[in-house]
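Novice: missing the sequence, but the structure's below:
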Ligand code: NAD
Ligand code: IPM
Ligand code: MN
């Protein structure tokens, strides 16, 4: 019997609530499909930080290396200044394991209310570059020496004294460097092309903003053009502002959307809103080493611990994880159980986020019960 060691990071706020349900559903799928899971739980997040001052030690990253995959809830807490935990835990993990693909499928689901008028379905995957752009952590305040090493394990970029910025010393300022490398754009474009092929699509859309941010997104367009033509996939260039407008008006007809890091973050929340809620939007952070699976949403401190959190995004993230572990039947079973739950259970038993009355754990129980009956 196959055993998978899975690293579990419930994190903060509703992260804990939804991960409990994802774990329950994975356990159910494991017993139905004849494999087992050994959970290795990591305590990192606000509570741990406030109690110990520790954010995410290197030994923990090394221990994660022993896992087949990571399943994460959400990181972030109003008692801690923004960025400390998000950068120190979530982004650190993405960069450390060089998880260069952030895959964010957006699907419309049966009986889920959406703001769309036309009633047509959405079946889009955002392929978000996950290791570059404004996220590399090269930020500078007022007259600090501009000299820094980007916090990434592989590939590692060193920027030393390459920039000098002359600003009136009496003026407070901040600067943040965004990075695009040929290698970074090539590998994510190649991934998007392969995904398009698997979906039997011949085109990908690239969201940039080269009309305003010329060098950064100019390089993106140049490399993406080269790479897609090598791969025999056609490339449609759009400005991300116009793309958001079009998606809000009529998202049908879109398939694979390739985005630099920050635009991918924003476009995926827009699509979550258009498909019915953040509580339904899963994601996968994929690299050549350890991969991490987590909902698109955050720790939602406004509803943490109230039973209002929708765990379906975490459950669907676990389905992506099972697919990655090549437990394809179990992965499909989890996804189909979510679909069946939304299709067949009365509205009242749906998550509160979707207009129902079910608590977080009742939603997990419902999905698990469908898997058991399959
Ligand atoms: P958020 O995604 O936590 O919440 C946005 C809104 O959506 C809130 O009203 C929330 O109640 C609602 N919501 C989110 N998930 C839901 C769910 N599963 N069910 C029902 N409602 C849900 O975004 P935010 O409020 O901007 O951020 C809160 C904290 O989370 C911040 O600290 C932020 O940095 C962090 N964050 C972490 C991640 C992550 O760990 N991957 C992602 C986004 C935000
Ligand atoms: C996400 C989140 C993170 C991001 C934050 C918490 C750093 O918004 O996973 O979408 O910007 O990537
Ligand atoms: Mn986000």
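Specialist: Done, it's in. A quick note: this is a predicted structure, and the numbers were derived from the prediction, not measured. Ligands and ions are numbered 1, 2, ... in the order given.

Novice: Would you confirm that residue 74 contacts residue 12?
Specialist: Yes - if you go by Cβ atoms under 8 Å, residue 74 and residue 12 touch, sitting 6.2 Å apart. C-betas here are computed from N, CA, C, even on glycine.

Novice: Which helix or strand contains residue 248?
Specialist: Following DSSP states H and E, one finds residue 248 within helix 240-249.

Novice: Show residues contacting the helix or strand that that helix is followed by.
Specialist: Later in the chain than helix 240-249, the nearest helix or strand by DSSP H and E is strand 256-259. Applying Cβ atoms under 8 Å, 6 or more residues apart in numbering, the contact partners of strand 256-259 are 124-129, 188-189, 192, 195-196, 199, 201, 203-207, 224, 240, 243, 267.

Novice: thinking again about what came up before, got any residues that touch both of residue 74 and residue 12?
Specialist: residue 299.

Novice: helices or strands up against the helix holding residue 248?
Specialist: Applying 3 or more Cβ pairs under 8 Å, 6 or more residues apart in numbering; DSSP states H and E, we find helix 240-249 packed against strand 203-208, helix 261-275.

Novice: Go through these and name the closest to residue 359.
Specialist: Closest of those to residue 359 is helix 261-275, at 21.2 Å (criterion: Cβ to Cβ).

Novice: That closest one near ligand 1 anywhere?
Specialist: No - contact of helix 261-275 with ligand 1 (Cβ under 6 Å from any ligand atom) is absent, the minimum separation being 7.6 Å.

Novice: That helix and ligand 2, are they touching?
Specialist: Yes - using Cβ under 6 Å from any ligand atom, a contact is recorded between helix 261-275 and ligand 2, made by residue 265.

Novice: Packing partners of the very next helix or strand once past that helix?
Specialist: Using DSSP H and E, the helix or strand that follows helix 261-275 in sequence is strand 282-286. Contacts defined by 3+ Cβ pairs under 8 Å, 6+ apart place strand 282-286 against strand 101-107, strand 292-295, helix 312-324.

Novice: In contact with the closest residue to ligand 1 within the stretch 51-200 of the chain, which residues are there?
Specialist: Nearest residue of the stretch 51-200 of the chain to ligand 1 (Cβ to the nearest ligand atom) works out as residue 76 at 2.1 Å. Residue 76 is in contact with 11, 12, 13, 46, 82, 85, 86, 298, 299, 301, counting by Cβ under 8 Å, 6+ apart.

Novice: of all these, which two lie farthest apart?
Specialist: Counting by Cβ to Cβ, the most remote pair of these is 11 and 82, 15.0 Å apart.

Novice: which residues does residue 97 contact?
Specialist: Counting by Cβ under 8 Å, 6+ apart, residue 97 touches 61, 64, 153, 285, 287, 289, 290, 291, 292.

Novice: Residue 41 pairs with what?
Specialist: Residue 41 has the following beta-bridge partners by DSSP bridges: residue 8.

Novice: just residue 35 next, same as before
Specialist: residue 2.

Novice: separation between it and residue 374?
Specialist: Distance, residue 35 to residue 374, using Cβ to Cβ, to the nearest Å: 16 Å.

Novice: Please indicate which of the helices and strands packed on helix 240-249 has the most neighbours on average?
Specialist: Comparing those by mean neighbour count (mean count of other Cβ atoms under 10 Å), strand 203-208 comes out on top with a mean of 22.

Novice: Next, the angle from the following helix or strand past that strand to helix 240-249.
Specialist: With elements assigned by DSSP H and E, the helix or strand that comes after strand 203-208 is helix 214-231. Here the directions of helix 214-231 and helix 240-249 differ by 60 degrees (axes from the mean of the first three to the mean of the last three Cα atoms, to 10 degrees).

Novice: Which positions in helix 214-231 come out as buried?
Specialist: 216, 217, 219, 220, 223, 224, 227, 228, 231 (16 or more other Cβ atoms under 10 Å).

Novice: Using CSV, lay out these together with pLDDT and distance to residue 40.
Specialist: As requested, the buried residues of helix 214-231 are exported to CSV (pLDDT from 0 to 100; distance: Cβ to Cβ, whole Å):
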residue, pLDDT, distance to residue 40
216, 98, 39
217, 98, 40
219, 98, 40
220, 98, 37
223, 98, 38
224, 98, 38
227, 98, 37
228, 98, 39
231, 97, 38
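
Novice: what's in contact with the helix or strand harbouring residue 61?
Specialist: Assigned by DSSP H and E, residue 61 falls within helix 58-64. The set of residues external to helix 58-64 that reach it, using Cβ under 8 Å, 6+ apart, is 7, 40, 42, 44, 70, 92, 93, 96, 97, 290.

Novice: Closest one of those to residue 139?
Specialist: Closest to residue 139, out of all of the contacts of helix 58-64 and judged by Cβ to Cβ, is residue 92, at 15.2 Å.

Novice: Excluding residues flanking it in the chain, which one is nearest that closest one?
Specialist: Leaving aside its chain neighbours, residue 92 sits nearest to residue 56 (5.7 Å; criterion: Cβ to Cβ, 6 or more residues apart in numbering).

Novice: Below-threshold pLDDT in the stretch 51-200 of the chain: ranges please.
Specialist: Residue ranges of the stretch 51-200 of the chain with pLDDT under 70: 119, 143-165.
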